[in-house]
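Enquirer: Build me a model from this:
(one chain, ligands or ions: 1)
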Amino acid sequence: MPNEPVIILQNVTVRYRVPRENYHTFKEFAIRRIQGRVQYLDLLALQDINLEIHKGEVFGLIGPNGAGKTTLLRLIAKVMRPTEGRVWVKGRIAPLLAIGAGFHMELTGRENIFLNGTLLGLTRREIEALFNQIVDFAELWDFIDAPLRTYSSGMVARLGFAVATARMPDVLIVDEVLSVGDIAFQEKSAARIREFREAGATILLVSHSMAAVKKMCSRAAWLDGGVLRAVGGVSEVIEKFEKYMGISN
Ligand SMILES: Nc1ncnc2c1ncn2[C@@H]1O[C@H](COP(=O)(O)OP(=O)(O)OP(=O)(O)O)[C@@H](O)[C@H]1O
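Expert: Numbering: from 1, shown residues only. Next comes the predicted model:
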């Protein structure tokens, strides 16, 4: 079915409650809390968002720091729930959120593959079957029995990408991961994303690189201060964003 929706956000609002004052210790905060003297500030990270993403799309999410992009991805990855509204996602999701999330720095690469694979919903047997191709893809055979704290951030990113994409998900969420590895790895991961796309997966890409978004995405959304400013064809959305930001090419 063309344009079959796989992600639907309906009137989604996320409100974070942040203490108005800065407490130096948890004890100080707890005492104030018991006394009922903590004052909160409501921060609207997302405001009444309506968005539909279709099967097979590579969809880009753009916007300045603090725009609400990560919050939107967290909702779609089901890591958190909206304060108001509904989020509906069809199929298996592989989130590549914040490099290294779900990894344990004291454990080896090998142990982390099993830990991360389990978090992604794979069984031990499935991970064993995929193990060699994960390490091949990450190109980390020399380090696989070393603790992760000895890896560079690019190596951790490579391992994260290789585990999360070892089996094709229905929805792949990619948060800036492509800009972390070196050029060769960026090209390799972009090729894997293209393979998934050709096989019908839906990909959600967050990036500050307009070149990457233009190259990979068909449609995009521009978020700013928790508000959806534009949704549509990638060139048109980037043009509006750059014009607004005063960026000329
Ligand atoms: N756990 C939290 N508690 C309180 N406020 C938060 C929390 N997470 C995010 N925020 C706030 O919500 C707003 C949106 O943040 P978010 O991380 O979604 O932005 P972003 O577009 O991903 O930014 P960046 O490009 O810097 O990664 C920001 O103002 C941020 O300070």
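Enquirer: Please make it C-alpha for all contacts and neighbour counts, starting now.
Expert: Noted.
Enquirer: So for Leu119, what's the nearest residue that isn't a sequence neighbour?
Expert: The shortest distance from Leu119 to any non-neighbouring residue, by Cα to Cα, 6 or more residues apart in numbering, is to Gly102 (7.4 Å).
Enquirer: these two touch, right, that neighbour and Thr118?
Expert: No - contact criterion Cα atoms under 8 Å: Gly102 and Thr118 do not qualify, at 10.0 Å.
Enquirer: Name the residues contacting each of the two.
Expert: Common neighbours of Gly102 and Thr118 are not found (criterion: Cα atoms under 8 Å, 6 or more residues apart in numbering).
Enquirer: ok, the lowest-mean-pLDDT helix or strand in the chain: who's next to it in the sheet?
Expert: Among the helices and strands of the chain, strand 93-96 carries the lowest confidence by mean pLDDT, DSSP states H and E, at a mean of 74. Paired neighbours of strand 93-96 in the sheet (DSSP bridges): strand 171-175 (parallel).
Enquirer: Can you give the distance of the strand it pairs with from its chain's centre?
Expert: Averaging C-alpha positions (Cα atoms, centre = their mean, to the nearest Å) puts strand 171-175 5 Å from its chain's average.
Enquirer: Is the ligand within reach of stretch 39-49?
Expert: Yes - contact of stretch 39-49 with the ligand (Cα under 6 Å from any ligand atom) involves Ala45.
Enquirer: and that stretch, how far from the chain's centre?
Expert: For stretch 39-49, the distance to the chain centre is 21 Å (Cα atoms, centre = their mean).
Enquirer: before we move on, what about stretch 239-248?
Expert: The answer for stretch 239-248 is 24 Å, by Cα atoms, centre = their mean.
Enquirer: could you give me the average pLDDT of it?
Expert: Averaging pLDDT along stretch 239-248 yields 86.
Enquirer: buried ones in that stretch?
Expert: For stretch 239-248, a neighbour-count test (16 or more other Cα atoms under 10 Å) marks Phe241 as buried.
Enquirer: residues making contact with that stretch?
Expert: 63, 222, 230.
Enquirer: near the ligand, which residues of the protein?
Expert: Counting by Cα under 6 Å from any ligand atom, the chain sits next to the ligand at 16, 18, 45, 64-71.
Enquirer: mind listing which of the residues you listed are in helices?
Expert: Counting by DSSP state H, the part of those found in helices is 69-71.
Enquirer: Just put those in JSON lines and tack on pLDDT and neighbour count.
Expert: Shown next, in JSON lines, are those (pLDDT from 0 to 100; neighbours: other Cα atoms under 10 Å):
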{"residue": "Lys69", "pLDDT": "92", "neighbour count": "24"}
{"residue": "Thr70", "pLDDT": "88", "neighbour count": "17"}
{"residue": "Thr71", "pLDDT": "92", "neighbour count": "19"}
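Enquirer: Could you pick out the buried ones from the residues of the chain next to the ligand?
Expert: 45, 67-71.
Enquirer: and the nearest residue to His54 once chain neighbours are set aside, what does it touch?
Expert: Nearest residue to His54, sequence neighbours excluded (Cα to Cα, 6+ apart): Pro5, at 4.2 Å. Contacts for Pro5 (Cα under 8 Å, 6+ apart) come out as 52-55.
Enquirer: So which of the residues you listed belong to strands?
Expert: 52-54 (DSSP state E).
Enquirer: For these, could you give me TSV that also reports distance to Met168 and pLDDT?
Expert: Below are these laid out as TSV (distance: Cα to Cα, whole Å; pLDDT from 0 to 100):
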residue	distance to Met168	pLDDT
Glu52	21	96
Ile53	18	96
His54	17	94
